[in-house]
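>>> Next input, structure requested:
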Amino acid sequence: MIEIKAPEMFSWPFRATKIFLSGPCDSYPGWRERLMEAFQEEEAVFLNPVRQDYSKLSDLALQEQIDWELSAMEASNLVVVRLMAGTKSMLTMVELGLTADKAIIWCDHNFEHRAYIERLCEWYGTPLFDDLRPTVDYLRLQLRCSWH
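Purely as a prediction, here's the structure:
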């Protein structure tokens, strides 16, 4: 498992499946680490947009961050989208719209917009999970398929 954090440069091709981690960065820390921990022995590249200095970015650095995230989403084979209760997740919802064709959604059952997410998943055949374990199990299955 390889983790690439923003704003680290990444170049392709990696032989491993590339997975973008979409979801809240400042509230509810640790979900990305818990997910990646399950893949320590797997051949996967996790693209992690979290930056400790996000709130202090200049306008130019913020533009570079957004460009990094868009490039990482485009380059990814899969996108794990984390939607959490108690968050509005507006940017995460935008990212979901950009990547619905390769998304795996981990959404709390009491997420404010859960009914919308359920319908979207039914409509597009997007996998939807309530908890970490089934999300990990599904992602592991996808890693064993030929994505690269």
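
>>> Run a quick neighbour tally on Val50.
15 (other CB atoms under 10 Å). All C-beta atoms are positioned from the backbone trio N, CA, C, and that covers glycine.

>>> Doesn't it belong to a strand?
No. Val50 sits outside any strand when classified using DSSP: H, G, I helix; E, B strand; the rest coil, being coil.

>>> residues contacting it?
Lys5, Ala6, Leu21, Cys25, Arg32 (CB atoms under 8 Å, 6 or more residues apart in numbering).

>>> go again using 7 Å as the cut-off
By CB atoms under 7 Å, 6 or more residues apart in numbering, the contact set of Val50 is Lys5, Cys25, Arg32.

>>> And the pLDDT for it?
Among the per-residue scores, Val50 holds a pLDDT of 91.

>>> re earlier: inside helices: which ones of the contacts of Val50?
Counting by DSSP state H, those place Arg32 in helices.

>>> nearest to Asp108, of the contacts of Val50?
Distance to Asp108 across the contacts of Val50 (CB to CB) is lowest for Arg32, with 15.5 Å.

>>> So which residues of this structure form helices?
For the chain, the helices defined by DSSP H occupy 31-37, 59-75, 90-99, 114-124, 132-144.

>>> Flag every buried residue along the second one.
What that stands for is helix 59-75. By 16 or more other CB atoms under 10 Å, the buried positions in helix 59-75 come out as Gln65, Trp68, Glu69, Ala72, Met73, Ala75.

>>> Roughly how far does the spatially most central residue of the chain sit from Trp31?
With distances taken as CA atoms, centre = their mean, Leu21 lies nearest the centre of the chain, 2.2 Å away. Going from Leu21 to Trp31 by CB to CB, to the nearest Å gives 9 Å.

>>> Using pLDDT, spot the least trustworthy of the contacts of Val50.
Of all these, Cys25 carries the smallest pLDDT score, 79.

>>> surely that one meets Gln52?
No. Contact criterion CB atoms under 7 Å: Cys25 and Gln52 do not qualify, at 9.7 Å.

>>> Looking at these two, which is more packed in?
More crowded of Cys25 and Gln52, by other CB under 10 Å: Cys25, with 19 against 8.
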